[in-house]
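Trainee: pasting the sequence and the predicted model now:
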Amino acid sequence: MGQVAPINSMETHLRRYHSGDRPAILRSNLCDSMARYILVLLFLCAVIAEAAPPPPPPRFRIIPRGGTAQEVAGSSITPEAYWHQALPSTDIPIAFRSSLLTDSKLATPAWWRGIYGFIIPSPIGGVNVTLPNFNYQYAATQTQVRANANSTIFFRQTDLVAGSKMRVNFAAPASAAKFLPRSVADSVPFSSAKLPEILSLLSVKPRSAEADIVRKTLKRCEETPLAGETRFCATSLESVVDFSTVSLGSRDLAAVSTVVTSGKPSKQVYTIEPSGVKKLADGGALACHPEKYAYAVFYCHTAPSTKAYTVSLAGAEGTKVEAVVACHTDTSKWNPKHIAFQMLKVKPGTVPVCHFLPPDHVVIARSH
């Protein structure tokens, strides 16, 4: 029996049949059947694949340093809409609004250090109201006291009157770390026990300066609260809303932050204007302070013995500021070496202690 030629026409097929080359024909029929079967299977697979819903896209992706950070698949409600639905009587203060994620390219001035597409502020030159001052269990060094001796960081409540003069620097960071979408923030570990996992996720080397920042912020968020105080580190705008409404027991709230309305917010002498002091809250308020981290984290805490005010200030260089002031009426649980006591030369629990809030901090209180 000779070599079988390819079957490529009906004529060839009949010639082989009449010549008795039936095994070749059987083999050809089998191959044809298998080919048709494979084609049918491929067609069915294509139909099934087309009918099945595609896998959901990742909700969020972080572009490497210098790129953009954006939410790929939006949630059913935006953080802004969540805020306005829960807190209809107050706008989002600029300190939170500037921390909302956008598609715009993140600014990275020379005095910012970025990790994993987000930015961490390093200290701004000059005397300023810095975060450790708002950690009331923090003991200031003599070096820190001397460095701030020419600034009105803390003052007595009796000084909160029209005509009082105070030297303050209201400069705020030119940019800020961004809140993660809530679905992402809730899925990212945030505790000292998970530090190795967190550093790996953020692509941060364990012994780097960034790792030390992450470690300190986690520790700060896990500190034991003072008596009567409630603390929470918010990693999304929605979590700020939830903490505020639960802690203050109301949705009728006012959220404010310090705003420079005109001029340059440089260090200068400010004067409280004639009708510039307005009470915002007489107890029943909370404050949110930004923490250094790979993305926006606000350290929020209730302040049951705190009075909050908004104050209109006029600077010697023409700057106008609508500032937020917090006055603490009970400082008995503060560290005796806190910078406020060293600068005012008073002891814990003796007099109310007040301070301005920088523009990137927020006070939330029940509306009148």
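Mentor: Yep, it's here.
Trainee: helix/strand/coil for residue 183?
Mentor: helix (DSSP: H, G, I helix; E, B strand; the rest coil).
Trainee: neighbours around it, how many?
Mentor: 14 (other Cβ atoms under 10 Å). All C-beta spots, glycine's among them, are computed from the backbone N, C-alpha and C.
Trainee: so residue 247 is in contact with residue 230, correct?
Mentor: Yes. In terms of Cβ atoms under 8 Å, residue 247 counts as a neighbour of residue 230; the distance is 5.6 Å.
Trainee: what is in contact with these two at once?
Mentor: Applying Cβ atoms under 8 Å, 6 or more residues apart in numbering, one finds that residue 247 and residue 230 are jointly contacted by residue 302.
Trainee: and the two? which has more neighbours close in?
Mentor: Applying other Cβ under 10 Å to residue 247 and residue 230 shows that residue 247 carries more neighbours, namely 19 against 15.
Trainee: isn't there a strand covering that one?
Mentor: No. Residue 247 is assigned helix when assessed by three-state DSSP, not a strand.
Trainee: which residue, neighbours along the chain excluded, lies closest to it?
Mentor: Leaving aside its sequence neighbours, residue 247 sits nearest to residue 302 (Cβ to Cβ, 6 or more residues apart in numbering; 5.2 Å).
Trainee: the one you found - that's part of a strand, no?
Mentor: Yes. Residue 302 forms part of a strand when assessed by three-state DSSP.
Trainee: show me what it is bridged to.
Mentor: Assessed by DSSP bridges, residue 302 has beta-bridge partners residue 286.
Trainee: same deal with residue 314?
Mentor: residue 271, residue 320.
Trainee: separation between it and residue 274?
Mentor: Going from residue 314 to residue 274 by Cβ to Cβ, to the nearest Å gives 10 Å.
Trainee: comparing those two, which shows the higher neighbour count?
Mentor: residue 314 (17 against 10).
Trainee: would you enumerate the residues in contact with the more buried one?
Mentor: 270-271, 273, 320.
Trainee: in these, find the pair that's most separated.
Mentor: Greatest spacing in the contacts of residue 314, by Cβ to Cβ: 271 and 320 (11.0 Å).
Trainee: what do these two both touch?
Mentor: If you check residue 271 and residue 320 against Cβ under 8 Å, 6+ apart, the residues they both contact are 313-314.
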